[in-house]
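> pasting the structure only:
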């Protein structure tokens, strides 16, 4: 059931895997929006449903077999989807180890690039990710949380750039600032629990030499503060703060001023004592050059420190890269499809009365049950769940718009027959 987002819908959930400042999760997070994603493992869902008191003990083994058949059916369907995605990504995969003589030539075809982005977009929708618009990306440019690094990003370097997010939550993290005498203070930090970046660069970037301009790169991260989204983008450079600039420039300016003063005084001295004055003059010039060299290396050390902080902050937050992201997202989408369909069938088969339920009634009950289990206010995607069950012929509708589940014994026969029909060679 779709409901408007807002403070009334915010829920605080205590979960064992909550966000910490090191990229993990704190014990308490606050969901800012109701989302379709059901954060419950497939195995745990099957166990909860099978052990439910509403299922007669004599049918529990059969219901468990139903879950296995349903899971296998979705797995087969997603296998075909994955093969298509692999074929679409193959010409653009920077990590490919298989021979493809025409791979680079194929990347010049715009329709192949469009096809890849469209297929990837569809997969992320099935896994309940949302597309992050350009305005949200630009809002993060130049900003940084207390755990991030300020970055200058050249958006013109991207031929294609899409960012997807899932899990819009408020986390609590501890920080130390000089304003509070470096005492720890707990602050609210809006984060994305999952963030996917897919991009292609249209011109050679100021990056490492091993970056392939023709390739499409895919990155998956976890628990990223909203202000730090730009840290995940290439074609960027570290942005020096005014404090860091002052720490570099002030000693340099004072040193140069002092050197100029000494040069003037040494020049006067040189007029009277040539040899001693020459030595003093050369020493002053050398000192000035030394100040310049010291400032230059100080600048490089400061940039290296920021780059190190950037690498360290993302080390434990990077979940996967390139083709590995396809595997992970496909698995999430497959499990999400199963969760929705299995939960909807269970409710219609074992909790609904003989007259069936409306989709609104099913939606409310599914959300109540999920809240009871994991204390998270999920927006159950009832229309998608019923569509999948109807395609598999596991439910039927009445004239007044109610939904009724096909009995379990018939359901097993239907799924077995559908599985046998995938291949027809005998």
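Structure received. Quick caveat: nothing in here was measured; it's all calculated off a predicted structure.

> contacts for stretch 86-103?
Residues from elsewhere that reach stretch 86-103 (C-beta atoms under 8 Å, 6 or more residues apart in numbering): 104, 106-107, 112-113, 115-116, 119, 200, 212, 214-217, 321-323, 326. For every residue, glycine as well, the C-beta is placed using N, CA and C.

> can we see that at 6 Å?
With contacts defined as C-beta atoms under 6 Å, 6 or more residues apart in numbering, stretch 86-103 is touched by 106, 107, 115, 116, 119, 212, 215, 216, 322, 323.

> whichever of those residues end up buried, select them in ChimeraX.
The ChimeraX selection below is limited to those of these classed as buried (16 or more other C-beta atoms under 10 Å):
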select :107,116,119,215,216,322,323
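
> nearest to residue 418 among the contacts of stretch 86-103?
Nearest to residue 418 among the contacts of stretch 86-103, counting by C-beta to C-beta, is residue 119 at 24.8 Å.

> which residues does the closest one contact?
When contacts are counted by C-beta under 6 Å, 6+ apart, residue 119 touches 85, 88.

> go with 8 Å
When contacts are counted by C-beta under 8 Å, 6+ apart, residue 119 touches 84, 85, 88.

> name the element it belongs to?
Assigned by DSSP states H and E, residue 119 falls within helix 110-126.

> what comes up buried for the following helix or strand past that helix?
Sequence order places strand 130-132 as the next helix or strand after helix 110-126, per DSSP H and E. Buried residues in strand 130-132, defined by neighbour count with 16+ other C-beta under 10 Å: 130, 132.

> tell me which of the contacts of residue 119 fall in helices.
Using DSSP state H, the subset of the contacts of residue 119 located in helices is 84, 85, 88.

> could I get those residues as a markdown table with distance to residue 362, pLDDT and neighbour count?
Listed next are these as a markdown table, based on distance: C-beta to C-beta, whole Å; pLDDT from 0 to 100; neighbours: other C-beta atoms under 10 Å:
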| residue | distance to residue 362 | pLDDT | neighbour count |
| --- | --- | --- | --- |
| 84 | 32 | 91 | 13 |
| 85 | 31 | 92 | 21 |
| 88 | 35 | 92 | 19 |
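
> tell me which of those is nearest to residue 397?
Of those, the one sitting nearest to residue 397 (C-beta to C-beta) turns out to be residue 84, at 31.6 Å.

> what's that closest one in contact with, if anything?
Going by C-beta under 8 Å, 6+ apart, residue 84 touches residue 119.

> go on, residue 345?
Contact analysis of residue 345 by C-beta under 8 Å, 6+ apart lists 66, 70, 389, 394, 395, 405, 411.

> go with 10 Å
Neighbouring residues of residue 345 by C-beta atoms under 10 Å, 6 or more residues apart in numbering: 49, 63, 66-67, 70, 385-386, 388-389, 392, 394-395, 405-406, 408, 411.

> with that, I have no additional questions.
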